[in-house]
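In: have a look at this prediction, sequence included:
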Amino acid sequence: MSLRDLRVQYETAGLDRADLADDPFTQWQQWYAVAEMAGVPEANAFALATIGVDDVPDARFVLARGLDQGGLTFFTNYESVKSEQMGQHPYAAAAFHWAPLHRQVRLRGPVVRLDEAASDEYFASRPRPSQIGAWASPQSRPVGSRHDLDVLIEEIEDRFEGEAVPRPDNWGGWRLAPMSFEFWQGRKSRLHDRFRYTRAEDESSWVIERLAP
């Protein structure tokens, strides 16, 4: 079947304003809980879009490690391409897609690095092989072969044998502080339900608008 002939009909009850929480963080938590209960694989995965140093958009999937009133948090190498991009253009967008539920959530806003204490705390919770990998991988940089990467991993394993692995200085967290959210529910005939939350002028509440599909 060709791409242009591939179609999935979304058969859902839809989404009304009355179904939504007044606070988008609460609404996201409710939808995320449903996605987890439904067994959506890696429901915390989202597409992170950034602006390249060449001013060309870039995107990749990463894993969310928290979302609360402070924003959406995730972790990476600070020397990676995405970190370099966010350092130069400190804004990003995120999109969660829970396909079995025919739902998407989009967020946009500024990004900042997490403080060292928050990065240390999360790094300490990671499995040891992931901690080793954070030291060994020159993320986003060319490597000659898989063997070369394996050699780097062995060197770090030897370096920290018998002791706790500390967080590398070039690894840590980012926080995206949403200026807007959009909640999308698939409907028949591509007449989807979309609601956008934007900050009120006094920033004490959110304005909610229905968008055309």
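Out: Cool, got the structure.
In: next, name the residue at the spatial heart of this structure.
Out: F46 (4.1 Å; C-alpha atoms, centre = their mean).
In: measure that residue to D115 for me?
Out: According to C-beta to C-beta, to the nearest Å, F46 and D115 sit 22 Å apart. (C-beta placed from N, C-alpha, C; glycine too.)
In: could you do R187 as well?
Out: As judged by C-beta to C-beta, R187 and D115 stand 42 Å apart.
In: low-scoring stretches of this structure, by residue?
Out: Scanning the chain with the threshold set as pLDDT under 70 gives 3-11.
In: tell me where it has strands.
Out: 45-51, 57-63, 66-68, 71-77, 91-98, 103-113, 171-176, 180-185, 193-199, 206-211 (DSSP state E).
In: check which helices and strands the last one sits against.
Out: For strand 206-211, the helices and strands in contact under the criterion 3 or more C-beta pairs under 8 Å, 6 or more residues apart in numbering; DSSP states H and E are strand 193-199.
In: quick one: distance of the strand it packs on to the chain centre.
Out: Distance of strand 193-199 from the chain centroid (C-alpha atoms, centre = their mean, to the nearest Å) equals 19 Å.
In: listing partners with orientation, what would you give for it?
Out: strand 180-185 (antiparallel), strand 206-211 (antiparallel) (DSSP bridges).
In: let's have the strands of the chain in TSV, adding distance to A136.
Out: Formatted as TSV, the strands of the chain follow (distance: least, C-beta to C-beta, whole Å):
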stretch	distance to A136
strand 45-51	23
strand 57-63	19
strand 66-68	25
strand 71-77	11
strand 91-98	26
strand 103-113	22
strand 171-176	11
strand 180-185	37
strand 193-199	41
strand 206-211	43
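In: nearest to A134, of those strands?
Out: strand 171-176 (4.8 Å; C-beta to C-beta).
In: okay, the angle between that closest one and strand 57-63?
Out: Put simply, strand 171-176 runs at 110 degrees to strand 57-63, going by axes from the mean of the first three to the mean of the last three C-alpha atoms, to 10 degrees.
In: what residues does strand 171-176 touch?
Out: For strand 171-176, contacts defined as C-beta atoms under 8 Å, 6 or more residues apart in numbering pick out 65, 70-78, 83, 86, 92, 94, 107, 109-114, 116, 118-119, 122-123, 134.
In: separation between the closest residue to D68 other than its chain neighbours and W31?
Out: Ranked by C-beta to C-beta, 6 or more residues apart in numbering and with sequence neighbours excluded, the top spatial neighbour of D68 is F25, at 6.4 Å. F25 sits 11 Å away from W31, taking C-beta to C-beta as the criterion.
In: test my guess that Y122 contacts R65.
Out: Yes - Y122 is within contact range of R65, at 6.3 Å (criterion: C-beta atoms under 8 Å).
In: which one's more surrounded, the two?
Out: Higher neighbour count among Y122 and R65: Y122, with 19 against 15, using other C-beta atoms under 10 Å.
In: list the residues that contact that one.
Out: Y122 neighbours (C-beta under 8 Å, 6+ apart): 65, 75, 173.
In: what number of residues lie near the residue lying closest to the second one once chain neighbours are set aside?
Out: Nearest residue to F75, sequence neighbours excluded (C-beta to C-beta, 6+ apart): G173, at 4.7 Å. Other residues lying near G173 total 22 when counted by other C-beta under 10 Å.
In: so how far is stretch 75-93 off the chain centroid?
Out: 12 Å.
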